[in-house]
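**Student:** Need coordinates for the following:
(chains A and B)
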Amino acid sequence: MLGLGIESTAHTFSCAIIEKTGKKGKILSDVRKIYRPDEGEGIHPREASRHHIENSSLVLSDCLGEANVSIKDLDIVSYAAGPGLGPCLRVGAVVARSLSSFYKIPIYPVNHAIGHIELGKLLTGATNPLVLLVSGGHTMLLAFLNKQWRVFGETLDITLGQLLDQFGRSIGFASPCGKNIEELANTSSNYVALPYSVKGNDVSFSGLLSATKSVASKSKVDACYSLQETAFAMISEAVERALSFTRKKELMIVGGVAANKRLSEMLKDVCKRHGCKFSIVPLQYAGDCGSQICWTGLLESQVKQGVTLKDTFVTQSWRLDSVKVHY
Amino acid sequence: MKLVKKGAEADLYQTNWKNSKAILKIRKVKKYRNPLLDSKIRKQRTIKESQMLSLVKSYGIPAPLVYFVNLKKTSITMQEIPGTPVHDLPESKIIELSKDIGKLVGTLHKNGIMHGDLTTSNFILFQKTVFVIDFGLSQISIKPEDHAVDLRLIKEILNSAYAKIMLSSWKNFQSGYKSIVGHAYYAKITKLVSDIESRGRYAQIV
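**Tutor:** Numbers count the residues shown, from 1 in each chain, chains lettered A, B, ... in the order given. This next block holds a predicted model:
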């Protein structure tokens, strides 16, 4: 079975083709174009959607070419229907609808966050993990129970990705800033005390953000180092609490911030202490990509018909713990 | 010493204190944490927990007695409660005990204490009495917002881990809580819980 997946929730416009045989999936192509804002600035929804519109046909044709597949061979089309930025989401939905209606291909709206998890499971082979989803849009600890992903801890305000981006922008980086912050952090080992806020299994980052900004006025490198140490220790503690509560023996990390080496090093140590298997989504697929949408659509097609065109919605707010999973 | 439990932030050992069975709770060094941050957290929580365990007893909250605190080793020796964590009880029992738990949380809040880690693992049923443990994240606070954070956490846990019994269990919890704090305060806290939920990521905003 051949699927095309279209991702356009935020920075990234991406198309991917996956061939599904039984429970196995093979990524035939995954092409991306990423919108880059100016230094010190964040994503501008209108500009990002313009970027996606301009690049959509090129990304699609490259994706088909790389996979050596023609549109007529496709069995399904899936698109990211949310959560994300409205103007950006619409671009992916329009491309998917056009293909679906012109070529009569069944169409599937997919939850972007579920996509991160399902692709992670496909690529790491994790079966029953506690999932840490850390990205610009999410900071959540999840476990699967009774046909739904359930939240066992999350941020009460901003996400880890937003924390890094908002701080990064304040010292002049362009989002996403995680990589630049990590590089600066590696050059310091001077820890400045910052607010540490763990509330049960939940975390809160807004106080940490303000405090780090004031440290940065004295030393940017110390601020980056201390920010990472504090924020990641908070996440690690929340993970430990959720592991101990759910008694899961497997931890899987997915989402853009999974690319951070210091975070994964800390979480590896957590897993060692709890005798728990550690898996992390491969770097190339940590960030937003068409594959996550494509694979989830393929999984859904096992148990569901595609939706009719009038039901191809997009929604900016769509919590993944409200999605019923039947496959 | 026998390791009883490797918890999220501390290891629990079975030990003796003056001829009676006791639990030694040690907050060990966490290598992944920056050493300065690590020792600060471990010290603060050891002090907080031991103080709070003693304080809540004066409000009639069943909690383990503190025998000894070793700040250097960040350890607390305390009375063993040889019961079963509510976490491990059958669901019908959890529904029933939710009312007691609600009353306990109400009593804490009424006396200006936020527990900070309200999960079913932190209530132990022993001979028909529910004990409250693990005060490491607790705080002296009369702020309704802090109390609402407490309620939101247990609501999240019920919703996630006990989806099937969530409605009846949460209802019982609320009625127990309300019977202690009174109707007006209960209404205020419930409103704040919704506020916190609406601040969450991608929450449905009506």
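
**Student:** How is chain B divided into domains?
**Tutor:** B:2-79, B:84-199 (automatic domain parsing).

**Student:** ok, and does the shortest one reach over to chain A?
**Tutor:** Yes - using C-beta under 8 Å from any C-beta of the partner chain, domain B:2-79 reaches chain A at B:6-9, B:30-34, B:36-38, B:40-41. To be clear about C-beta, it is placed using only N, CA and C from the backbone, and glycine gets the same treatment.

**Student:** now that domain, how far from the chain's geometric center?
**Tutor:** 14 Å (C-alpha atoms, centre = their mean, to the nearest Å).

**Student:** Ok, the longest one next?
**Tutor:** Centre-to-centre, domain B:84-199 and its host chain are 9 Å apart (C-alpha atoms, centre = their mean).

**Student:** who in the stretch 1-150 of chain A is up against chain B?
**Tutor:** Residues of the stretch 1-150 of chain A lying near chain B by C-beta under 8 Å from any C-beta: A:83, A:137-140, A:143, A:145-146, A:148, A:150.

**Student:** And the furthest pair within the residues you listed?
**Tutor:** Within the residues of the stretch 1-150 of chain A next to chain B, A:Gly137 and A:Asn146 form the most distant pair, 24.5 Å apart (C-beta to C-beta).

**Student:** Have a look at these two and say which one is more surrounded.
**Tutor:** A:Gly137 (24 against 11; other C-beta atoms under 10 Å in any protein chain shown).

**Student:** Can you read off the pLDDT for the residue of the stretch 1-150 of chain A found nearest chain B?
**Tutor:** Here the residue of the stretch 1-150 of chain A nearest chain B is A:Arg150; by C-beta to the nearest C-beta that distance is 3.6 Å. Per-residue confidence (pLDDT) for A:Arg150: 94.

**Student:** ok, and the nearest residue to B:Gly7 once chain neighbours are set aside, which helix or strand is that part of?
**Tutor:** Excluding the flanking residues, the one nearest B:Gly7 by C-beta to C-beta, 6 or more residues apart in numbering or on different chains is A:Ser244, at 5.6 Å. Assessed by DSSP states H and E, A:Ser244 sits inside helix A:220-246.

**Student:** What segments of chain B are helices?
**Tutor:** Ranges of helices within chain B are B:35-57, B:91-110, B:144-161, B:166-181, B:183-199, based on DSSP state H.

**Student:** export the ones you listed to TSV and tack on distance to A:Lys26 and mean pLDDT?
**Tutor:** Formatted as TSV, these follow (distance: least, C-beta to C-beta, whole Å; pLDDT from 0 to 100):
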stretch	distance to A:Lys26	mean pLDDT
helix B:35-57	44	97
helix B:91-110	42	98
helix B:144-161	34	94
helix B:166-181	40	97
helix B:183-199	41	94
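
**Student:** bridging residues for the residue of the stretch 1-150 of chain A closest to chain B?
**Tutor:** With DSSP bridges as the criterion, A:Arg150 is bridged to A:Ala143.

**Student:** ok, it - contacts?
**Tutor:** A:142-144, A:321, B:159-161, B:163 (C-beta atoms under 8 Å, 6 or more residues apart in numbering or on different chains).

**Student:** Now do the same for A:Ile27: helix, strand or coil?
**Tutor:** Three-state assignment for A:Ile27 (DSSP: H, G, I helix; E, B strand; the rest coil): strand.

**Student:** looking at it, it is touching A:Ser291, isn't it?
**Tutor:** Yes - the pair A:Ile27 and A:Ser291 qualifies as a contact (C-beta atoms under 8 Å) at a distance of 5.3 Å.

**Student:** between the contacts of A:Arg150, which is nearest A:Lys213?
**Tutor:** Nearest to A:Lys213 among the contacts of A:Arg150, with distances taken as C-beta to C-beta, is A:Leu142, at 30.2 Å.

**Student:** So the closest one is in contact with A:Val323, correct?
**Tutor:** No - checked against C-beta under 8 Å, the pair A:Leu142 and A:Val323 is beyond contact range at 11.3 Å.

**Student:** These two: who's more crowded?
**Tutor:** A:Leu142 (28 against 15).

**Student:** on that earlier part again, quickly list what's touching both of A:Leu142 and A:Val323.
**Tutor:** Common neighbours of A:Leu142 and A:Val323 (criterion: C-beta under 8 Å, 6+ apart): A:Trp149.

**Student:** Quick check: pLDDT value at A:Glu250.
**Tutor:** At A:Glu250, the model reports a pLDDT of 97.

**Student:** now the one 5 residues further on
**Tutor:** According to the model's per-residue confidence, A:Gly255 sits at a pLDDT of 95.

**Student:** can you check A:Glu41 too?
**Tutor:** Here the pLDDT value assigned to A:Glu41 is 87.

**Student:** you'd agree it is up against A:Ala174?
**Tutor:** Yes - with contacts counted by C-beta under 8 Å, A:Glu41 reaches A:Ala174, the gap being 6.1 Å.

**Student:** which one of these two has more residues nearby?
**Tutor:** A:Ala174 (17 against 14).

**Student:** Excluding sequence neighbours, find me the nearest residue to that one.
**Tutor:** In this structure, A:Ala174 finds its nearest non-sequential neighbour in A:Glu39, 4.7 Å apart by C-beta to C-beta, 6+ apart.

**Student:** My read is that that neighbour contacts A:Ile171, right?
**Tutor:** No - when contacts are counted by C-beta under 8 Å, A:Glu39 is not listed as touching A:Ile171 (10.3 Å).

**Student:** quick one: which of the two has more around it?
**Tutor:** A count of neighbours by other C-beta under 10 Å puts A:Ile171 above the other of A:Glu39 and A:Ile171, at 18 against 10.

**Student:** Now do the same contact list for that one.
**Tutor:** A:216, A:220, A:223.

**Student:** looking at those residues, which has the most residues close by?
**Tutor:** Going by other C-beta under 10 Å, A:Ala223 tops the contacts of A:Ile171 with 27 neighbours.

**Student:** Just confirm that residue contacts A:Tyr191, I think it does.
**Tutor:** No - judged on C-beta under 8 Å, A:Ala223 makes no contact with A:Tyr191 at a distance of 10.9 Å.

**Student:** Between these two, which contacts overlap?
**Tutor:** Common neighbours of A:Ala223 and A:Tyr191 are not found (criterion: C-beta under 8 Å, 6+ apart).
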